[in-house]
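**Student:** compute the structure for the input listed below.
(chains A and B)
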Amino acid sequence: MAAGSTYTPIATNTLASTATNLTFSSIAGTYTDLVLIANFKSSATDGISVQFNGDTATNYSWTLLYGTGSVAGSARYSNQTGVTIGYTTASNFNTTICQIANYSNTTTNKTLISKGSSADYENDNMVGLWRSTAAITSIKINCTGTLQIGSTFTLYGIAAA
Amino acid sequence: MANTYTLIASNTVGSGGTSAITFSSIPATYTDLLVKMTARGTDTSTNGWNQGGITFNSSAANYSSTIIVGRGDLAAVSFTGGSTALDYIFYISNSVTTANTFASTDIYIPNYAGSNYKTVSSDFVEENNAARAIMGLNAGLWSDTAAITSLTLTPSVGTLVQYSTAYLYGIKNS
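**Tutor:** Take a look at the predicted model:
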């Protein structure tokens, strides 16, 4: 991953209280790609998903490659209300790295690739699609359970030039 | 380099090779760590690759991991690692595979200086223009609350050869 002066923190959120979701809003269109780094724990074995620009319709789809430690598999989900980008447990924090390409253009649907690592559950590689040509200006992160105190979410912008 | 993404240290293996690469005295001034590694080793297993592990603060306990790999000639498989190191965290091209070829690995360690257990995420590839190659992911956990101040990368068999590289970056979220 190229870095240098093109890798800029946009916003960070460390949960001081439990929450079921959080939002990064007013994302400037000045970067090329976005990277979301999440280090989080939930109230149970749960997933987190993303929605863009407040769109809660079934405009999302995603495909998953996963390994549980004994089983390797793949699955896919069409016409969803969000893209799951990582899973975690109540015992340990998960590491998720999610990259959203060309988030600010207004001519193409938006794609993401995410890597979710939960040592006591499974590791995952997801690719996701949001069928919208709108520039992404906000990202809502939803948890199927309750995110725990100390969970951290940081959004970085990467500029190609 | 922005202050958000800073090269802390690097290591290019010299002639004669090395049994391990260690980064020590890692400052606590960053949010996350990233190791970018290219590796080739003296191992001779017929697959053309082998794996390596990472340990923190010279500790040999409390590690666990879940790994998934695909190698092109077989179905993808998932398995777990051992407790004395986060093994299968990186891969090496070995001495029987295509010359001058080095496997690549990224290892991401969020909140390495905090007081929670430390989680690690890595992805690795070893491509060699042969009948099989390997790529995969590792979800690792070091069940220790200590801040990480050093890390060691050790191949499971043999040594790392000349021109293997490892770069340690610190990433700040502000």
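**Student:** now do the SS call for residue 84.
**Tutor:** Using chain A. Look at A:Thr84: counting by DSSP: H, G, I helix; E, B strand; the rest coil, its state is strand.
**Student:** wait, I meant chain B there
**Tutor:** coil.
**Student:** likewise A:Tyr103?
**Tutor:** Taking three-state DSSP, the label given to A:Tyr103 is coil.
**Student:** which ones are touching it?
**Tutor:** Applying CB atoms under 8 Å, 6 or more residues apart in numbering or on different chains to A:Tyr103 gives the contacts A:27, A:29, A:31, A:33-34, A:110, A:135-136. C-beta here means a position set from N, CA and C on the backbone, and glycine is covered the same way.
**Student:** mind doing that once more with 7 Å?
**Tutor:** Residues near A:Tyr103 by CB atoms under 7 Å, 6 or more residues apart in numbering or on different chains: A:33-34, A:110, A:135-136.
**Student:** if I look at the closest residue to chain A within chain B, how far off is A:Asn109?
**Tutor:** Residue nearest to chain A within chain B (CB to the nearest CB): B:Ile68, separated by 2.6 Å. Counting by CB to CB, to the nearest Å, the gap from B:Ile68 to A:Asn109 is 28 Å.
**Student:** quick one, which of these two is more surrounded?
**Tutor:** Shown here are B:Ile68 and A:Asn109; by other CB atoms under 10 Å in any protein chain shown, B:Ile68 has more neighbours (26 against 13).
**Student:** not counting sequence-adjacent ones, nearest residue to the more buried one?
**Tutor:** Excluding the flanking residues, the one nearest B:Ile68 by CB to CB, 6 or more residues apart in numbering or on different chains is A:Gly67, at 2.6 Å.
**Student:** so the one you found touches B:Gly70, yeah?
**Tutor:** No. Because the distance of 9.7 Å does not satisfy CB atoms under 7 Å, A:Gly67 is recorded as not touching B:Gly70.
**Student:** before we move on, the earlier item: identify the farthest-apart pair in the contacts of A:Tyr103.
**Tutor:** A:Asp33 and A:Ala135 (12.8 Å; CB to CB).
**Student:** show me the contacts for A:Ser25.
**Tutor:** A:Ser25 neighbours (CB under 7 Å, 6+ apart): A:Ser138.
**Student:** okay, and the beta partners of B:Lys36?
**Tutor:** B:Asp106, B:Tyr167 (DSSP bridges).
**Student:** pretty sure it contacts B:Phe102?
**Tutor:** No. With contacts counted by CB under 7 Å, B:Lys36 stays clear of B:Phe102, the gap being 11.8 Å.
**Student:** most centrally placed residue in chain B?
**Tutor:** Nearest to the geometric centre of chain B sits B:Phe90, at 3.7 Å (CA atoms, centre = their mean).
**Student:** surely that one is in a helix?
**Tutor:** No. Going by three-state DSSP, the assignment for B:Phe90 is strand, not a helix.
**Student:** so what pairs up with it in the strands?
**Tutor:** Those that pair with B:Phe90 in a beta bridge, by DSSP bridges, are B:Gly52.
**Student:** what's the distance between it and A:Val35?
**Tutor:** With CB to CB as the criterion, B:Phe90 and A:Val35 are 21 Å apart.
**Student:** hmm, back to that, what's near enough to touch the residue nearest to B:Ile68?
**Tutor:** Counted by CB under 7 Å, 6+ apart, A:Gly67 has contacts A:122-123, B:66-68, B:78, B:137.
**Student:** most neighbours among these, which one?
**Tutor:** Neighbour max across the contacts of A:Gly67 (other CB under 10 Å) = A:Asn123, 32 neighbours.
**Student:** tell me what the nearest residue to that one once chain neighbours are set aside is bridged to.
**Tutor:** Once flanking residues are discounted, A:Asn123 sits nearest to B:Ala139: 3.8 Å by CB to CB, 6+ apart. Here B:Ala139 sits in beta bridges with B:Thr66, B:Ser121, going by DSSP bridges.
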